[in-house]
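Peer 1: Got a sequence here, can you model it:
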Amino acid sequence: MKLLNLIEMNDNEVYKLGDMWSDNFDYDGMLKAGLKITLKTSIKKMKDLFKSFQDVNYNSEGGHLLHLIKVIESGDNKTGVKHLNNFKDSIRKTLQNLSEVQNPHRKKYGDILNEGRRDDILSKFNENPELQKTIEQFLDHEFNKKTNYKYVNWVLKRNFDDLGNTIISLDNVIDYIEKFDRIRKNLQDKDINQYKNIQDLIDTLEVYGDTKSEEKTKLESGTAKVYEDAEVLIVKPLSQKSSCYYGQGTRWCTSAKSGNQFDNYFGRGPLYYFIYKNLNKDNDYYKIAIHYDVMSNMFKLYDAKDNVNDNLLGFLKKNPAFDSVEKDIEKNHKFDKSKNQKSMLVKLLRTNNFNFSKIRRYVLYDKSVHILGNNDTLVVAKYGEKSIIITVSDDGDEIIFYGPKSNILDKRPTYEMVEYLDMNSDPYDIEFLLSKNTVHTNYKVIRDLFDFFITELHEELSVGNQEGFKFWSPLNSQSNYRFESTNPDNAYIKFLEYIIDQTNEGEPASKRDFLLNVLEKDPEQVVFSGYLSTMFSSMKDAGLVSLYRADTSPYFRYKIGPNYKVWKQGRLKRI
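Peer 2: Residues are numbered from 1 along each chain as shown. Just a heads-up that it's a prediction; the model follows:
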């Protein structure tokens with residue numbers, strides 16, 4: 001038989017000139033074929049043999065053969081003798097190494113060589129145990145074992161930056177080299193070494209798209225099969241590609257090639273495609289789309305022509321297969337309103353940076369409540385002169401209220417506080433307030449939380465309150481009255497003295513009488529109903545005076561208010 005004909009090796013396939021790698025590749029036959037090369041062997045046969053060496057990653061031996069081919073082509077037979085000898089010497093060395101490990105129970109030559117290469121590669125990363133472990137996992141991937149580590153050197157040379165970091169994770173690289181190995185016969189550059197880096201390879205592979213098997217895998221991963229029997233298939237598409245595939249033949253916008261609305265529907269709840277296997281495509285009901293809106297807990301049904309037909313729900317419910325849809329919704333898509341509200345409240349307390357202005361003050365139990373803002377998940381306020389804090393536990397299950405000196409005064413389950421807020425958030429519901437996430441809505445939620453804790457603990461918060469101030473705020477936001485001056489010429493001082501005098505004399509005190517007889521205003525020149533109206537209303541808001549109704553004229557009368565003594569002591573403050 002002629003050179004490079006059939007040479008057998010154990011249970012492997014018999015090597016043939018130009019063979020590429022396979023599970024039972026005849027390494028020994030390839031090496032022995034190389035020993036029979038002479039200067040008279042045709043260039044074509046040498047190149048076919050070189051392809052085999054290159055494909056199974058025998059780069060050292062193949063390198064000598066490539067040099068031999070080049071010098072023979074140039075006509076330099078003298079130098080060719082040198083390269084031919086180098087080529088055969090390298091083969092003999094490889095065969096010798098293999099023969100030294102032979103025993104009756106030895107592995108195939110390829111497996112032994114693989115183990116040697118694996119250990120040699122790992123030894124290069126001894127100084128970085130963590131990286132060595134990553135490389136080891138990469139080497140032990142079934143694809144690398146199966147291909148005799150033929151792509152490993154290329155990956156390790158081209159997938160690390162100057163700092164020794166992987167450019168693309170080795171898990172992802174496997175996907176690309178697997179694809180390259182599968183389709184390289186269709187590529188112009190079939191040798192992996194012709195690609196300068198990983199990205200160069202990826203760019204080339206992207207042009208070829210996915211194979212049919214890859215498309216099938218992606219389709220299956222983008223679809224949840226809900227039910228199937230001999231008559232019915234129910235799928236839940238998880239991607240637009242899946243929706244288009246299973247919606248073929250319909251007019252649904254979720255299966256359209258352009259203007260596809262799958263993401264819009266999927267964002268509001270799952271889609272289920274109810275497909276009757278035995279109905280013809282001209283039947284409007286051979287495919288029925290069911291959309292479940294999570295927030296409204298409502299179904300919307302469409303026939304194959306995209307007509308809305310909610311009557312189909314009753315029809316489908318008669319089919320036992322529909323139970324699978326309801327079970328899937330109950331398990332994976334049922335909206336838990338209280339759980340959602342709890343999550344939103346925890347997020348509000350943890351992540352929002354409140355920046356409430358000075359107007360975010362009010363009075364509760366005669367003390368100023370001033371919500372300042374939050375820092376590091378602590379929402380801080382002042383109750384009178386005392387700092388109070390609301391925060392949420394690490395697991396989000398408790399709302400915690402801190403009093404002065406960071407003493408924990410109260411803890412409440414978060415769900416309990418959600419229920420409280422829901423009952424006290426008129427005219428808005430708590431979910432609306434939390435979802436808007438504006439300064440106004442955030443302030444309302446935080447204020448209601450502080451109101452709850454202050455109401456529960458206001459007596460305890462007042463104990464030891466040495467400053468003794470009382471606070472007030474005017475209902476009329478345009479009021480500039482603070483009542484801090486004691487100048488006897490001020491109208492409000494005169495009005496207070498007038499009330500005291502009238503009370504001591506047993507006479508009623510009225511606004512009209514005060515304007516006529518104390519301020520000496522002429523009713524022909526002054527409209528009494530509007531004169532100093534802001535002052536009178538602000539004095540009432542501050543608790544300096546009280547207004548009551550009598551049975552005889554004057555019907556509306558004034559008396560000294562509950563905060564008069566505090567004001568006299570300089571302890572009444574406007575916020």
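Peer 1: any chance you could map the strands in the stretch 1-150 of the chain?
Peer 2: For the stretch 1-150 of the chain, applying DSSP state E, counting those that start in this stretch gives no strands.
Peer 1: how about low-confidence regions in it?
Peer 2: By pLDDT under 70, the low-scoring segments of the stretch 1-150 of the chain are 1-13, 23, 97-117.
Peer 1: mind listing the helices for it?
Peer 2: Counting by DSSP state H, counting those that start in this stretch, one finds helices in the stretch 1-150 of the chain at the ranges 27-35, 43-55, 59-74, 77-100, 109-123, 129-139, 142-146.
Peer 1: and if you look at the stretch 401-550 of the chain?
Peer 2: Going by DSSP H, counting those that start in this stretch, the stretch 401-550 of the chain shows helices at 414-423, 430-436, 439-462, 491-504, 511-517, 533-541.
Peer 1: Out of these, point me to the one whose mean pLDDT is lowest.
Peer 2: When mean pLDDT is averaged over each of the helices of the stretch 401-550 of the chain, helix 430-436 scores lowest at a mean of 80.
Peer 1: Please point out which parts of that one sit buried.
Peer 2: The neighbour-count check on helix 430-436 (16 or more other CB atoms under 10 Å) flags 430-431, 433-434 as buried. In short, each C-beta sits where N, CA and C put it, glycine included.
Peer 1: which residues are contacting that helix?
Peer 2: In this structure, residues lying in contact with helix 430-436 by CB atoms under 8 Å, 6 or more residues apart in numbering are 337, 340-341, 344-345, 348, 418, 421-422, 425, 441-442, 444-445.
Peer 1: got it, and stretch 186-202?
Peer 2: 54, 151, 154-155, 158-159, 167-168, 173, 176-177, 180, 184, 204, 208.
Peer 1: Swap in 7 Å and give it another go.
Peer 2: By CB atoms under 7 Å, 6 or more residues apart in numbering, the list of residues contacting stretch 186-202 from outside reads 54, 151, 154, 158-159, 167-168, 173, 176, 180, 184, 204, 208.
Peer 1: Against Asn309, how distant is the residue lying farthest from the centre of the chain?
Peer 2: Here the chain reaches farthest from its C-alpha mean at Glu505, the gap being 75.3 Å by CA atoms, centre = their mean. Per CB to CB, to the nearest Å, Glu505 is found 85 Å from Asn309.
Peer 1: again, but for Asp28
Peer 2: Distance, Asp28 to Asn309, by CB to CB: 71 Å.
Peer 1: With adjacent residues omitted, what lies nearest to Ile168?
Peer 2: The shortest distance from Ile168 to any non-neighbouring residue, by CB to CB, 6 or more residues apart in numbering, is to Ile198 (5.4 Å).
Peer 1: oh sorry, the question was meant for Thr254
Peer 2: Distances taken as CB to CB, 6+ apart place Phe262 nearest to Thr254, at 4.4 Å, with adjacent residues excluded.
Peer 1: Might one say that the one you found is in contact with Ser243?
Peer 2: Yes: using CB atoms under 7 Å, Phe262 makes contact with Ser243 at a distance of 4.5 Å.
Peer 1: neighbour count winner among these two?
Peer 2: Neighbours per residue, other CB atoms under 10 Å: of Phe262 and Ser243, the larger number sits with Ser243, 28 against 22.
Peer 1: Contacts only, for that one.
Peer 2: 237, 254-255, 262, 271.
Peer 1: Identify the residues contacting the nearest residue to it once chain neighbours are set aside.
Peer 2: Distance criterion CB to CB, 6+ apart; nearest residue to Ser243, sequence neighbours excluded, is Pro237 at 4.0 Å. Going by CB under 7 Å, 6+ apart, Pro237 touches 222-223, 243, 246, 271, 273.
Peer 1: Next, give phi and psi for the residue nearest to Thr254.
Peer 2: The phi/psi pair for Phe262 (degrees, to the nearest 10) reads phi -60, psi -50.
Peer 1: Also the one 10 residues further on?
Peer 2: Dihedral angles of Tyr272 (phi, psi; degrees, to the nearest 10) stand at phi -120, psi 130.
Peer 1: doesn't Lys236 make contact with it?
Peer 2: Yes: at 5.5 Å, Tyr272 counts as touching Lys236 under the criterion of CB under 7 Å.
Peer 1: just the buried members of the contacts of helix 430-436?
Peer 2: In the contacts of helix 430-436, burial by neighbour count holds for 340-341, 344-345, 348, 418, 421-422, 425, 441-442, 444-445, counting by 16+ other CB under 10 Å.
Peer 1: if we can go back for a sec, please work out which of the helices of the stretch 1-150 of the chain is packed deepest.
Peer 2: Among the helices of the stretch 1-150 of the chain, ranked by average contacts under mean count of other CB atoms under 10 Å, first place goes to helix 27-35 (a mean of 21).
Peer 1: which secondary structure elements does that one contact?
Peer 2: Using 3 or more CB pairs under 7 Å, 6 or more residues apart in numbering; DSSP states H and E as the contact definition, the elements that helix 27-35 packs against are helix 43-55, helix 77-100, helix 109-123.
Peer 1: and the angle for the shortest one with helix 27-35?
Peer 2: Right, helix 43-55. Here the directions of helix 43-55 and helix 27-35 differ by 140 degrees (axes from the mean of the first three to the mean of the last three CA atoms, to 10 degrees).
Peer 1: Name the residues that touch helix 43-55?
Peer 2: Helix 43-55 is contacted from outside by 4, 17-21, 30, 33-34, 37, 61-62, 65-66, 68-69, 72-73, 191, using CB under 7 Å, 6+ apart.
Peer 1: what about 6 Å?
Peer 2: If you take CB atoms under 6 Å, 6 or more residues apart in numbering as the criterion, helix 43-55 is touched by 4, 17-21, 30, 61-62, 65-66, 69.
Peer 1: ok, back up a step: Thr455: which of the contacts of helix 430-436 is nearest?
Peer 2: Taking CB to CB as the measure, Thr455 lies nearest Leu421 of these, at 13.7 Å.
Peer 1: From Thr455, how far out is the closest residue to that closest one other than its chain neighbours?
Peer 2: Leaving aside its sequence neighbours, Leu421 sits nearest to Ile430 (CB to CB, 6+ apart; 4.6 Å). Applying CB to CB, the value for Ile430 to Thr455 is 18 Å.
Peer 1: Narrow the contacts of stretch 186-202 to just the buried residues.
Peer 2: By 16+ other CB under 10 Å, the contacts of stretch 186-202 give 54, 151, 154, 158-159, 168, 173, 176, 180, 184, 204 as buried.
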